[in-house]
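**Student:** Next input, structure requested:
(one chain, ligands or ions: 2)
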Amino acid sequence: MTENQILELLQTVRHPARQDKSIVELGMVNSVRIDGESVSVTLGFPKRRDPLAEYLIGATRAALIRGGVKNPEVLTVVLEDAAPKKKGVEFDTECLRHVRHIVGVASGKGGVGKSTVAVNLACALARLGFKVGLADADVYGPSVPLMTGTEGAQPMAEEVDGKELILPLEKYGVKWMSIGYFAERGQALIWRGPMASNALKQMILQVKWDVLDFLLVDMPPGTGDIHISLLQEIPMEGAILVTTPQEVALADVEKGASMFRNKNIDRPIFGLVENMAWFTPAEHPDEKYFIFGRDGGARMAEDLGIELLGRIPLVQGIRESGDAGEPAALGTGPDASAFIDLAGRLASKLG
Ligand SMILES: Nc1ncnc2c1ncn2[C@@H]1O[C@H](COP(=O)(O)OP(=O)(O)OP(=O)(O)O)[C@@H](O)[C@H]1O
Ligand SMILES: [Mg+2]
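**Tutor:** Ligands and ions are numbered 1, 2, ... in the order given. Okay, the predicted model is just below:
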């Protein structure tokens, strides 16, 4: 089955409270995923609970089954704007007017601690007295809600000059925004190409950031289309790259670097952050074990002609505090000072 055939089936699902228009017409079909025999449809609902949501989910499932789909999956996602305009959403950079530095936090590959670094760097910059915001642009696996203990929060919207802006959450002196706030808890987010990039742009361009010294953008892992689209439409000043010290990571960091150095993008890389640079056991805070090799980050930085901006140790506390929603950078340990040092270096580099 093709996406168009699925959409045709969904045309038969009408919203009784909205002039009997179809959910397709109303822009409520957020995504359609077809994987061999299995079909999964995600419906977008406005933040205020639609009393007919359950009915529409059932009707959608029924329409798919009637159309011959075996065991269709119908998921929902809570949206700020349930009926985005058909032909792409128009964004402007008005809400970034009073933001001084927009810095992407990127990596070539996943799982190197990009979100951990982004969240802790944001807290550390705030501790240094800067006004800081963080946009979690990882539409596939948003981690900011968990890492900041703001899961389940429902950001409010406010009309500013005739435009609806989402109010970021404020905690630990930082303004946080994440696509995770708009998904139901524990529900996988399924986005595809243009929808994913729109959602992501919304998290940055439709937010009331007000005056900020730094807006960090936790980029999704990888170097794909979403990244290019993000870099083309967000006036990002430059980026920092996060890596682990292994030899094998070099190729990935290179990929990340070349994305920013691509001639159509051409943004500076402010520095490399070597995460998990060494292991320090909690009970022996003065010991360092270079389990992934020594000075890998420094060598990598030199090879790529990038400054090594910071080295973050691998300590159990960083993971635990991340899971507990209280970033390590807020504490007093050596891990906190590693993030504060990083923040200080970034701040002085950007003036
Ligand atoms: N320095 C560190 N010490 C201990 N644990 C860490 C450290 N850095 C990251 N972690 C842990 O490693 C895991 C992955 O980190 P994180 O989610 O920040 O990576 P990521 O690069 O953002 O991943 P993804 O590509 O999935 O977005 C998390 O459980 C995190 O708590
Ligand atoms: Mg992440």
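
**Student:** Run the chain-centre distance for the one helix or strand V273 maps to.
**Tutor:** Following DSSP states H and E, one finds V273 within strand 269-279. Counting by Cα atoms, centre = their mean, to the nearest Å, strand 269-279 is centred 20 Å from the centre of its parent chain.

**Student:** does ligand 1 sit close to that strand?
**Tutor:** Yes - Strand 269-279 reaches ligand 1 (Cβ under 6 Å from any ligand atom) through 275-276. Every residue, glycine included, has its C-beta placed from N, CA and C.

**Student:** what is the mean pLDDT for that strand?
**Tutor:** For strand 269-279, mean pLDDT rounds to 95.

**Student:** How about stretch 46-66?
**Tutor:** 84.

**Student:** Any idea how far it is from the middle of the chain?
**Tutor:** 28 Å.

**Student:** quick one: buried residues of it?
**Tutor:** Buried residues in stretch 46-66, counted by 16 or more other Cβ atoms under 10 Å: 47, 50, 56-57, 59-61, 63-64.

**Student:** and what of stretch 337-350?
**Tutor:** Neighbour counts using 16+ other Cβ under 10 Å place 338-340, 342-343, 345-347 of stretch 337-350 among the buried residues.

**Student:** and these, which of them are in helices?
**Tutor:** 338-340, 342-343, 345-347 (DSSP state H).

**Student:** Let me know the closest of these to Q11.
**Tutor:** Within those, the smallest distance to Q11 is 50.8 Å, found for L346 (Cβ to Cβ).

**Student:** now that closest one: how far from ligand 1?
**Tutor:** Noted for L346: a distance of 17 Å to ligand 1, by Cβ to the nearest ligand atom, to the nearest Å.

**Student:** Tell me the predicted confidence for that residue.
**Tutor:** pLDDT, L346: 98.

**Student:** what's the domain layout of this structure?
**Tutor:** Domain assignment for the chain, taken from automatic domain parsing, gives 3-79, 94-350.

**Student:** now the helices: where do they sit in the stretch 1-150 of the chain?
**Tutor:** Listed in chain order, the helices of the stretch 1-150 of the chain (DSSP state H, counting those that start in this stretch) span 3-10, 53-66, 114-127, 144-148.

**Student:** just so I know, which of those lies nearest G331?
**Tutor:** helix 114-127 (9.8 Å).

**Student:** could you give the mean pLDDT of the closest one?
**Tutor:** Averaged across helix 114-127, pLDDT comes to 98.

**Student:** still on that earlier bit, elements contacting the strand holding V273?
**Tutor:** helix 114-127, strand 238-243, helix 249-261, helix 296-304, strand 308-314, helix 334-350 (3 or more Cβ pairs under 8 Å, 6 or more residues apart in numbering; DSSP states H and E).

**Student:** Lowest average pLDDT across those?
**Tutor:** Lowest mean pLDDT within the helices and strands packed on strand 269-279: helix 249-261, a mean of 88.

**Student:** Tell me the helices and strands packed up against that helix.
**Tutor:** Packing partners of helix 249-261 (3+ Cβ pairs under 8 Å, 6+ apart): strand 99-106, helix 225-233, strand 238-243, strand 269-279, helix 296-304.

**Student:** Would stretch 213-227 count as contacting ligand 1?
**Tutor:** Yes - applying Cβ under 6 Å from any ligand atom, one finds stretch 213-227 in contact with ligand 1 at P221.
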